[in-house]
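Undergrad: curious how this folds, go ahead:
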Amino acid sequence: MRLSRVLTTLAAGLGLLLGAFTAPPAHADDGAAAPAQWRSYWVDAFNAGIYTPAQVATLVDDALDVNANALIVQTARRYDCFCNNALYPRTDAAIAPAPYDPLAEIVRQGHAAGLQVHAWVNVNTMWNSATPPRSPDHVFNQHGPAATGSDRWLNKKANGQELVGANAYVDPGHPAAVDYIVRGVQSIVRNYDVDGINLDYVRYPDGSSTTTHSDWGYNDVSVARFQRATGRTDVPLPSDAAWSDWRRSQVTGLVRKIYLGIWQVDPQARLSMDAITYGHGPQAVGGWQATRTYAEVLQDWAGWLDEGIMDTAVTMNYKRNWNPDQALMFSEWSEFLADHQGERQAVNGPALYLNSVADSLSQVREALRPSAAGNTAAGWSGYSYAGPSQDVAANGLAAERVKLVQALTQGEDAPFRDEAAVPGMPWKSAPRDGHVTGTLALRGGGPLDQVPVTLDPLTPRGERTTRLSDGSGWFGFAHVEPGVYLLTLKLPKGVIGAPVTVVEVGKGRIAKAVFAPFLEVPNAGS
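TA: Here you go, the predicted model:
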């Protein structure tokens, strides 16, 4: 079975490469059988799966039994790595002792079986135990409750609360935290032959007082940055629209920086993320911006697909099929994600642990069914490998896993009866555009934060776009038409220097925009 899967994957990959310039996206509904379809398990690191080489071997066999072609394997839970060679310190979990490396082992065994391996990285969850991590280098020990001033990266609610029980979170509005996350992700891609990175918790935390806005984001550094950017002196209310937009843009900026940071290390690595689908879908609540995803946890994954800074959104469409209201929610989100993939991909991810095998089979069929507009999701991911159904406690894990395999693969109309390949990414395998990045700094070494940077085409193709520099002075433009561009800065008062430069964008490459350091003149304009 493993050899046939390897041959199938190689053949499918060759076909995708040869057809990259002419074939429609793999998820387009052209009336023919899809040549590729994402099928994966989420494999969480709080349960058995990758703790030993034997567990990895069982995991791989179980994945092959359902004709999966990918595994989303939790690699960093709370800035602790189930690996030995990354910026994040090795986990304290009870894995086999070193030199055992869980990520290296699942990559080795998974690739030998023809499975893709995507390293699942929690982004903004710092720690979740009253016992601190053993490593003195862990973020919680360096930048958690014991840290002061700008070294304190903890997210905070408007009422001053930082911890929810033992749970601590990182504020995505803190520039040093953002840069650490980007470097951590890059270290995994650089040191392991992973097929991609899967981001989880790339948003603000749960637990706000309402569903219409977030109470989080009040780290002192974050609030001060907002005040400098807007000229305000007040501490904004959680419901303040400008404050919500600013916080949402911090998450988007983080995603953009991760995306281009991964491209810098390995242009072929896929960036995916676990997308929130709380409550009813956009079509039922007044549009995307009225969803809890956009308003409550400030996660604009539909916008990330549009911008092209997310290759694959894996939606956490966790709904109980036996509950009529939740079944309706599942249908609404399934339709939305199928219809809003654009030139990227969305994978429908139901919760196996909330449903019987029969109900999960029903959700698989709906997840892969064309929408009313004729669009089909890129595939399916089941949450999770550790919990194949809601009936595990009653019937046992092994029995329920066997039932799931039978439901998905056996019978003429079984949805995963035949093998499939992971959909390709022609925008990466045969890129038609490029990217631009740069950094704005003062002569003393400090960053220029929230400076508008405008990209203007000097050749016939391309469009005018403006982005803001982040808290480290970094800015990025993804998927820019090839050609020559003028970059212009809108410098703040009291900062002088050459505010223009020119870059040439090539296909598949990152063009570096270079600005000389700027001079800050005290009391200028006062």
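Undergrad: show me where pLDDT drops low in the stretch 351-500 of the chain?
TA: Within the stretch 351-500 of the chain, no stretch has pLDDT under 70.
Undergrad: what about the strands in it?
TA: 379-382, 434-439, 452-457, 465-468, 474-480, 483-489, 495-496, 500-505 (DSSP state E, counting those that start in this stretch).
Undergrad: list the helices and strands the first one packs on?
TA: Right, the one you point to is strand 379-382. Identification of packing neighbours for strand 379-382 by 3 or more CB pairs under 8 Å, 6 or more residues apart in numbering; DSSP states H and E yields strand 38-43, strand 345-350, helix 357-367. Where C-beta positions appear, they are placed from N, C-alpha and C, glycine not excepted.
Undergrad: hmm, back to that, okay, the strands of the stretch 351-500 of the chain, which one's buried deepest?
TA: Per-stretch averages of neighbours, counted by mean count of other CB atoms under 10 Å, single out strand 379-382 among those, with a mean of 27.
Undergrad: stretch 326-340: which residues count as buried?
TA: Neighbour counts over stretch 326-340 (16 or more other CB atoms under 10 Å) mark 326-327, 329-340 as buried.
Undergrad: ok, now stretch 71-89?
TA: 71-84, 86-89.
Undergrad: same thing with stretch 339-358?
TA: For stretch 339-358, the neighbour count (16+ other CB under 10 Å) marks 339-341, 344-357 as buried.
Undergrad: just stretch 162-170 next, same as before
TA: Buried positions in stretch 162-170, judged by neighbour count with 16+ other CB under 10 Å: 162-163, 167-170.
Undergrad: over to stretch 88-95?
TA: For stretch 88-95, burial by neighbour count (16+ other CB under 10 Å) applies to 88-91, 95.
Undergrad: pLDDT below threshold where in this structure?
TA: Filtered on pLDDT under 70, the chain yields the residue ranges 1-35, 524-526.
Undergrad: top helix in it by residue count?
TA: In the chain, taking DSSP state H as the definition, the longest helix is helix 241-265.
Undergrad: from the buried residues of stretch 71-89, which land in strands?
TA: Among the buried residues of stretch 71-89, the ones falling in strands (DSSP state E) are 71-76.
Undergrad: closest to residue 119 among those?
TA: Taking CB to CB as the measure, residue 119 sits nearest to residue 75 out of these, at 4.0 Å.
Undergrad: ok, for the closest one, nearest residue in space, not its chain neighbours?
TA: The shortest distance from residue 75 to any non-neighbouring residue, by CB to CB, 6 or more residues apart in numbering, is to residue 119 (4.0 Å).
Undergrad: how about the ones in strands among the buried residues of stretch 71-89 in TSV, adding distance to residue 314?
TA: Below are those laid out as TSV (distance: CB to CB, whole Å):
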residue	distance to residue 314
71	12
72	7
73	13
74	13
75	15
76	17
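Undergrad: max pairwise distance over those: which two?
TA: Farthest pair in those (CB to CB) is 71 and 76. Separation: 15.5 Å.
Undergrad: find the nearest non-adjacent residue to residue 509, please.
TA: Residue nearest to residue 509 in three dimensions, not counting chain neighbours: residue 434, with 4.9 Å by CB to CB, 6+ apart.
Undergrad: so the one you found makes contact with residue 506?
TA: Yes: with contact defined as CB atoms under 8 Å, residue 434 counts as touching residue 506 (5.2 Å).
Undergrad: what touches both of the two?
TA: Common neighbours of residue 434 and residue 506 (criterion: CB atoms under 8 Å, 6 or more residues apart in numbering): residue 482.
Undergrad: looking at the buried residues of stretch 326-340, which are in helices?
TA: Using DSSP H, these in helices are 326-327, 329-339.
Undergrad: and of these, the nearest to residue 212?
TA: Of all these, residue 212 sits closest to residue 329, with 17.9 Å by CB to CB.
Undergrad: what separation do you get for that closest one and residue 351?
TA: Residue 329 sits 12 Å away from residue 351, going by CB to CB, to the nearest Å.
Undergrad: not counting its neighbours along the chain, what's nearest residue 460?
TA: Nearest residue to residue 460 in three dimensions, chain neighbours excluded: residue 483, at 7.5 Å (CB to CB, 6+ apart).
Undergrad: burial count for the residue nearest to residue 84 when sequence neighbours are not counted?
TA: Distance criterion CB to CB, 6+ apart; nearest residue to residue 84, sequence neighbours excluded, is residue 101 at 4.5 Å. For residue 101, the neighbour count with other CB atoms under 10 Å is 22.
Undergrad: give me every residue that touches residue 101.
TA: Taking CB under 8 Å, 6+ apart as the contact definition, residue 101 lies against 83-85.
Undergrad: do the same with residue 225
TA: Residue 225 sits next to 173, 175, 449-450, 471 when contact means CB under 8 Å, 6+ apart.
Undergrad: which one of these sits closest to residue 138?
TA: Using CB to CB, residue 175 is the member of the contacts of residue 225 that lies nearest residue 138, at 19.7 Å.
Undergrad: distance of the nearest residue to the closest one once chain neighbours are set aside from residue 261?
TA: Leaving aside its chain neighbours, residue 175 sits nearest to residue 471 (2.8 Å; criterion: CB to CB, 6+ apart). According to CB to CB, residue 471 and residue 261 sit 15 Å apart.
Undergrad: likewise for residue 386?
TA: 30 Å.
Undergrad: more crowded one of those two?
TA: More crowded of residue 386 and residue 261, by other CB under 10 Å: residue 261, with 22 against 18.
Undergrad: coming back round to it: mind putting the strands of the stretch 351-500 of the chain into CSV with distance to residue 406?
TA: Formatted as CSV, these follow (distance: least, CB to CB, whole Å):
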stretch, distance to residue 406
strand 379-382, 15
strand 434-439, 46
strand 452-457, 54
strand 465-468, 51
strand 474-480, 43
strand 483-489, 55
strand 495-496, 66
strand 500-505, 52
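Undergrad: with respect to residue 252, which of those strands lies nearest?
TA: With CB to CB as the criterion, residue 252 lies closest to strand 465-468 of the strands of the stretch 351-500 of the chain, at 10.1 Å.
Undergrad: keeping just the C-alphas, turn that closest one into PDB.
TA: Provided in PDB are the C-alpha atoms of strand 465-468 (Å, rounded to 0.1, in the frame of the first residue of the first chain):
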ATOM      1  CA  THR A 465      -0.500  49.500  -3.100                       C
ATOM      2  CA  THR A 466       0.200  50.900   0.300                       C
ATOM      3  CA  ARG A 467       1.200  49.000   3.400                       C
ATOM      4  CA  LEU A 468       2.400  50.100   6.900                       C
END
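Undergrad: pairing partners for that strand, with directions?
TA: strand 452-457 (antiparallel) (DSSP bridges).
Undergrad: tell me the contacts of the residue nearest to residue 175?
TA: 173-175, 178, 221, 225, 447, 449.
Undergrad: helices of the stretch 1-150 of the chain, start to end?
TA: Per DSSP state H, counting those that start in this stretch, the stretch 1-150 of the chain carries helices over the ranges 2-18, 53-65, 102-112, 139-143.
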